[in-house]
Structure formats: C-alpha cells, structure tokens
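1. Predicted model and sequence below, questions to follow.
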Amino acid sequence: MSETTSPTPTPTPTSTAGGSGQESLPPRRRRVDSEWVRRNGVYVALAVLVVLNVAFTDNFVSEGTLRLQLVQVVPVVVVALGMALVIGTEGIDLSVGAVMALAAALIPLYVGYGAVAAVAMGLVAGLVSGVIAGVLVARVGVQPIVATLGLMVAGRGVANLMGGEIKSIREPGIVALGTGSVVGVPYVVLIAAAVALVTWFLVKRSTYGRQLVAIGGNVRAARLSGLPVRRVLVTTYVICGLLAALAGVLLAARSQASDPTKLGLLMELSAITAVVVGGTPLSGGQVRIVGTVAGALLMQLITATLIFHNIPDSTAQITQAVIVVGAVYVQLGRRKA
Amino acid sequence: MTSTPPATTAGTVDGAVSGSGSPTGARVARVVQRQGALVILVAVMLIASLAFDTFGSRGNLTGIAMQSSFLAVVSLGMTFVIMTGGIDLSVGSVFALGGVLAAWGSQYGALAALLLPLVICGLIGLVQGLLVARAGLPAFIVTLAGLLFARGLLLLISNEGSTTYKVPQGSGFLELARGELLGIKYPVWIVLVLFLIAGLVLHRTSYGSTVLAIGGQEDAADLMGLPVQRTKVVTYVLSAVLAGFGGAMIASYTASGVTILGVGMELDAIAAVVLGGTLLTGGAGTILGTLVGVLLLQVIKNVINQVGSLDSDWQAVVSGTILLVVVTVQRYLTRVERS
C-alpha cells in the first residue's frame, strides 16, 4: 500500500481500483520481509538503541542506570500488558491513566487499616472500573473508545474528589513495596516481570487466551461458534483495570505520594504506543506479550536517551511522534480498518 | 475498532429508509436518539435557571456562549472526521499550537496572526490526512503522534514553553475575539456562521455526501468511484485548520499565546460530538447535534461553578457520567429502532 504514494498522486479513476488499501487484497503484498520486520522490528530497534547508548552515553553501563530505567518502565509495562489484551479483542482502554490515579488516591485514605487493606482498596477501584467498562462494551454494546473515554473523564474526577491534593505515603509496608529489593532487583521490577509471565501464560496457554484472540479476530465467527464472547470481553477489561490499578499502586509506592491530578496522566497513550510498537495490531486478533514489554522498554529507552543527551522536551516529543508513525508504518501488513 | 455489526451504521445513514413503516415507538426512539442531548440541555437549563438567579442572566448566558465558541470550532472539525469513521486526537495540541503561532505572528500584523496558524496547522492536518488516507495507517495512531508532534513544535517555538508571546496592544488581531456585533462577541457569530456553512457543506455538496458514504461503508464508497482518499485528506486538513483557528481565537481573546492550553481538549471534542448523536462508527450524525453537545458540556461546567460548594472536579464526574448514560441510551434506542 505504501507504494501508491511514491508516484504523483492520482486521484483519478485508477485510484478507485487499488486505492484506499485493504479491500484490494489480491495484487501487491510483499508480506515476506515486511512480516519479519513487523515481528522483530521492535527487538532490532531496542538492540540498536542499547548498542548506541553503550557506545555514546557516559555511565550508561552501570547498575544504577540500569535499575533506574527498569524501575521507571514498570508502570508502563504493567499497564501496557493489560492494554495488549484489550487491543487483542479489537478494543481500546483510555481509562487506564485515570484508574491509576484513582487507585493511588485510595491508598492514603485506607492506609490506616494497614498496607494490605490500602493496596486491596486500590485494586478494587481497578476491578470496579474494569467491570463497568466491560459491561458497557460487552453487554450494552458501546464502542470501547467511548465507554472508556467516559470512564477516563469521570474516573479522574472521582480520583480528585477522593484524593484531593498531593498526599505523601509513609506507611512502612507500602514504602517497602516501592523501594525494597531482593538481591539488587527492586520488588516493583519483579512484580512487573511476574505480571508479564502470567499474562504470557494466559494468552498462550489458557482457554481464555485462545477465546480472546478468536474474538479479536472475528467477533461474529466467535459468537456463532458458541464462544462466551461477553464473558471474555468483561474479563479482559477487568484484567486491564486491575493491572492499571496495580501500576497506580506501584507508582504511588515508589514515589511515596499520590497526586490524583498528575499521576498516570497520558498513560493511556504511552501504553497504546508500547503495545503497537511491540507489534500487536490495533485491529485485534493477536496479542504479543514479549513484543509489548520490548515496546515499553524501547519507548522508555528512547525517552531516557533523549534525556541523557539533554535533548529538550520539544525535540523529544517530535522524535517520539516520528518513531510512533514509523513503527506503525512498518506494520501496515495486518491492518484491517 | 468497530466491534458493532455494520448494520448499525447502514441502518442509520438514511433515516427515511429505516423509518418507513416502523411503529411510532421506533420513530420516537429515533428522535430521542438524535435529539437526546438537546432534551437534556433544555432540561438542565430550565432547572438551572429556576435554581440559580444568576444562571439566566444575560451576562452568564453570553459568557457560556463565549466559552463554548472555542470548543465548538474544534468539535466542528472533529464531527467531520468522526463521520468518516476516523478520529483526530491531535486537535488539543494543534489548538494550543495555533494559539501560540497566532500570538507570535501578531507582531507582523493581524493578517499574519490569522494566516500563520491556519497554514501551519493545515500542513499538520495534510500530513495526518495523507498518512491515514493514502498510507492507510490507523487514524488513532497517526493523530496520537500528531498530538505529540504539535505539542513538540509548540515547545520548540516557545523556548520549551518558557516564552509566552503577547499580542501587541492595539493590534487589529485582538478584534477577532473582542469585537462585538449587535452586542454579541465575534466568536459567537463566527461559530454560528461556521456551523451554518458546515451544515450546508454536509447536506448540499458532494464532499458532504462522500464523507457520510465513507463512514457508512468505505469499501462501497470506494467501489462506487467516490474520491475516498481525497475526501479523507480534506477532512483531516479541515479538522486541523479549525483547531488552529480555535487557537487563534483564544490567542486573540487572551491577547497571548498560552502554551499549556488544549490538554485533553480532544476528549472534550469527542465527547461533544458523541453527545450530539454522531455515531463513532461514522456514517451518520448532525452538525447541529455537535453544537448542542458543546453547549451541554459548557452548561454543566457553568452550573457546577454556580453551586459554590461543589468542587470543580464534579464537572468531570458529571460530564463523564452523562456521556456514558447518553451513549448507553443511544445504544438501546438504536436497538429499539431496528427491531
């Protein structure tokens, strides 16, 4: 499809035949190499960026840098994994950032009952939000983008109402969760790794995962073949909500504060970018867990690299924009609509 | 991203067809679905004017109209994009960029202040449109990148956001948002004129019918020989130009290029369009509905400000809830209408 742009654009009758892309399946399809790029591009880009950083960034190869990068990428990874599942069903979840804020806002309120209770309340917020989104999408039939947009706006408002201004968190259990480590590996990184592992297992090895992919590939076919479409959809949004809440809890624990107005802002965009850059098509029917983690790492490393070299915000954002478009351009192959 | 069966859009593109021979219940359902936001708007305004003396005052109402005008201009472009089945997440950033460009350009005269944002923002829209229509990339991702790009460009020309350009005093550009005609500020007139033109364009031009045809069924529109790609490109250019123009209006209103504006505005615009009854699946919708949607959001904001004891965060909660309720009701009514 990309070739149509190179010659002078011809909006004349010829363009109607092969023009706007996906419906003209038969001819042009150099799938072989582009398919490889789509599958592995994110790893190649990640490797190249690591090598470049090792070569050109001072102090890049140090335990401190490595740990900082990993800790910083944790919230994006956790949220992106849930987002990958939702995108696998051909959905989208814009509410994740608000859910993070909500979960974090609840911690200072319930911390009096102990760390476990506070964390549990945070996760309950994610559960509730996930159920609402899931029911709206699966039962009512609202489009995912609208349903989760409403939740995003309302959720951020609720977080602000409940949480108020920035509150610091001093509870030792939660502080330990955010800053502690085992043999040098921070807890939060271990948790993210565990989440990735479980999600991978869910997608690749469980009935639920197969059903999810089937639904994302073709809802009607899935419904006609008797798959529990609604249940799987609700479950998926619940998982996404829970993971977003977990990310909010981890982020609050790490920064030992909850700031409902700022926390998780624009997270939905970072997560979607990580998922898409990682090779999961927005058109559903496919979930790439390892790719998603790599996508999150890549975006984090890009940001970090730009910061290491004192690239101003403006250039950083423009660079990210170009990278996102470039990454998706490469993956054109699997586009549906 | 459409998980709904295509029948939804196909059925509502042409109201006359789906309505023929249907019982009254379905007809009522259709009217409510189309005008639901208007019903809520009227109800809220009635209650508000009874509950608060200040609400119905001339000053307050013109204030609402003025405040709505910026979002209205942006939402107008969004309406066309959504009608084609697309989405434009970049409008908030493009809006802010337009404002900064206008304020920066105002030192070279009023014309530069007006044209600069239109041209630059139009170019951003052109690139987005080409990427969506010709390269076939998902609109969601392209305009997401556009959101970052426009914000980055804004930071670049404002020294990382540290410089706020001021519109020189006495500049003719200030008239754009501050001038009055018959006691009503120009932006309100501009919005009325733009929506009138947009309505005519949608219903009386081939561009308009192509927009709806693409949203209804892109393949079919393509096979019929409609200029699908060109129409989509034009639509994204239109959206960006309108967003940039909205930014220019606010730059004129505030006499400066505020760099932090427009964050989250794309969501307000989408909400307004959806509230107005335009289906996100594309293919159906009304221009007037969007205006109603914008007003509804703005009136809610105003009412919540009137209730002094309520936190402004309530506005977000109420807006979000209303959005969810309206789309839920719309879904049920669409079902009633079809059965």
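-> Great, that's in hand. Only a predicted model underlies this, so the values are computations on that prediction, with no experimental measurement involved.
2. so where do the helices sit in chain A?
-> For chain A, the helices defined by DSSP state H cover A:14-18, A:31-56, A:63-88, A:96-110, A:115-135, A:144-163, A:172-179, A:187-205, A:207-217, A:219-224, A:229-255, A:267-277, A:289-308, A:313-330.
3. Give me the buried positions along the second one.
-> Of the residues in helix A:31-56, those buried by neighbour count under the rule 16 or more other C-beta atoms under 10 Å in any protein chain shown are A:Ser34, A:Arg38, A:Gly41, A:Val42, A:Tyr43, A:Ala45, A:Leu46, A:Leu49, A:Val50, A:Asn53. C-beta here means a position set from N, CA and C on the backbone, and glycine is covered the same way.
4. now do stretch B:40-52
-> B:Ile40, B:Leu41, B:Val44, B:Met45, B:Ala48, B:Ser49, B:Phe52.
5. right, and the fourth one touches B:Val299 too?
-> Yes. With contact defined as C-beta atoms under 8 Å, B:Met45 and B:Val299 form a contacting pair (6.1 Å).
6. Secondary structure element for B:Leu144, which one?
-> helix B:139-157 (DSSP states H and E).
7. So for whichever helix or strand comes after that helix, mean pLDDT?
-> Where DSSP H and E defines the elements, the next helix or strand beyond helix B:139-157 is helix B:175-178. The predicted model assigns helix B:175-178 a mean pLDDT of 73.
8. one step back: how about the helices of chain A, which one is nearest B:Thr84?
-> helix A:144-163 (15.2 Å; C-beta to C-beta).
9. and the direction of that closest one versus that of helix A:229-255, what angle?
-> Here helix A:144-163 runs at an angle of 40 degrees relative to helix A:229-255 (axes from the mean of the first three to the mean of the last three C-alpha atoms, to 10 degrees).
10. Can you pull the poorly scored residue ranges out of the stretch 101-250 of chain B?
-> Nowhere does the stretch 101-250 of chain B drop to pLDDT under 70.
11. So which residues on it come close to chain A?
-> B:130-131, B:133-138, B:140-142, B:144-149, B:151-156, B:160-161, B:218-219, B:222-223, B:225, B:227-230, B:232 (C-beta under 8 Å from any C-beta of the partner chain).
12. Just the buried ones from those residues?
-> For those, a burial check counting by 16+ other C-beta under 10 Å picks out B:130-131, B:133-138, B:140-142, B:144-149, B:151-156, B:161, B:218, B:222, B:227-230, B:232.
13. Pretty sure B:Ile190 sits against B:Phe70.
-> No. Applying C-beta under 8 Å, one finds B:Ile190 not in contact with B:Phe70, separated by 10.5 Å.
14. what are the ranges of the helices in the stretch 201-339 of chain B?
-> In the stretch 201-339 of chain B, helices defined by DSSP state H, counting those that start in this stretch lie at B:206-216, B:218-223, B:228-254, B:265-275, B:287-306, B:313-338, listed in chain order.
15. quick one: which of those helices is nearest A:Ala196?
-> Here helix B:265-275 is closest among those (C-beta to C-beta), at 29.5 Å.
16. In that closest one, which residues are buried?
-> By 16+ other C-beta under 10 Å, the buried positions in helix B:265-275 come out as B:Met265, B:Glu266, B:Leu267, B:Asp268, B:Ala269, B:Ile270, B:Ala271, B:Ala272, B:Val273, B:Val274, B:Leu275.
17. Those also near chain A: which ones?
-> Answer for those near chain A (C-beta under 8 Å from any C-beta): B:Leu267, B:Ile270, B:Ala271, B:Val274.
18. so the second one touches B:Met78, yeah?
-> Yes. Proximity of B:Ile270 to B:Met78 meets the contact threshold set by C-beta under 8 Å, at 6.3 Å.
19. who touches both of the two?
-> Counting by C-beta atoms under 8 Å, 6 or more residues apart in numbering or on different chains, no residue touches both B:Ile270 and B:Met78.
20. In contact with A:Ile289, which residues?
-> Each residue near A:Ile289 by C-beta under 8 Å, 6+ apart is listed here: A:Leu81, A:Ala84, A:Ala196, A:Thr199, A:Trp200, A:Val203, A:Lys204.
21. Now do the same for residue 69: its pLDDT.
-> No chain was given, so I picked chain A. So A:Gln69 comes in at 85 (pLDDT).
22. my bad, the chain I had in mind was chain B
-> 90.
23. And A:Leu212, by the same measure?
-> For A:Leu212, the pLDDT comes out at 92.
24. My guess is it contacts A:Glu90. True?
-> No. Using C-beta under 8 Å as the test, A:Leu212 is too far from A:Glu90 to be in contact (10.3 Å).
25. of these two, who's got more company?
-> A:Leu212 (27 against 23; other C-beta atoms under 10 Å in any protein chain shown).
26. which among the contacts of A:Ile289 gets closest to A:Ala321?
-> Using C-beta to C-beta, A:Ala84 comes nearest to A:Ala321 of those, at 21.6 Å.
27. and that closest one, how many neighbours?
-> 30.
28. Report pLDDT for it.
-> pLDDT, A:Ala84: 94.
29. Please look at it and A:Thr292 and confirm they touch.
-> Yes. At 4.5 Å, A:Ala84 counts as touching A:Thr292 under the criterion of C-beta under 8 Å.
30. what do the two both touch?
-> Residues touching both A:Ala84 and A:Thr292 (C-beta under 8 Å, 6+ apart): A:Val275, A:Gly278, A:Thr280.
31. show me the contacts for the most centrally placed residue in chain A.
-> Closest to where the C-alpha atoms of chain A average out (C-alpha atoms, centre = their mean) is A:Ala80, at 2.0 Å. Listed by C-beta under 8 Å, 6+ apart, the contact partners of A:Ala80 are A:Ser270, A:Ala271, A:Ala274, A:Val275, A:Gly278, A:Thr292, A:Val293, A:Gly295, A:Ala296.
32. Could you find the closest non-adjacent residue to the first one?
-> Using C-beta to C-beta, 6 or more residues apart in numbering or on different chains and skipping the chain neighbours, the partner closest in space to A:Ser270 is A:Val76 (5.2 Å).
33. How about the contacts made by the one you found?
-> Neighbouring residues of A:Val76 by C-beta under 8 Å, 6+ apart: A:Ala247, A:Met267, A:Ser270, A:Ala271, A:Ala274, A:Ala296, A:Met299, A:Gln300.
34. Can you report how many residues lie near the fifth one?
-> Using other C-beta under 10 Å, A:Ala274 has 29 other residues around it.
35. Just the pLDDT for it.
-> A:Ala274 is assigned 88 on the pLDDT scale.
36. from memory it sits against A:Leu301, does it?
-> No. Taking C-beta under 8 Å as the definition, A:Ala274 is not a contact partner of A:Leu301, at 11.6 Å.
37. re the thing from before, can you flag which of the buried residues of stretch B:40-52 belong to helices?
-> Those of the buried residues of stretch B:40-52 lying in helices (DSSP H): B:Ile40, B:Leu41, B:Val44, B:Met45, B:Ala48, B:Ser49.
38. Tell me who's in contact with the third one.
-> The reference is to B:Val44. Counting by C-beta under 8 Å, 6+ apart, the residues that B:Val44 touches are B:Leu296, B:Val299, B:Ile300, B:Val303.
39. Specify which member of those is nearest to chain A.
-> Distances from chain A to these, taken as C-beta to the nearest C-beta, are shortest for B:Ile300 (11.4 Å).
40. Relative to B:Ser69, how far out is the spatially most central residue of chain B?
-> The residue lying closest to the centre of chain B (C-alpha atoms, centre = their mean) is B:Ser75, at 0.4 Å. Using C-beta to C-beta, to the nearest Å, we find B:Ser75 at a distance of 11 Å from B:Ser69.
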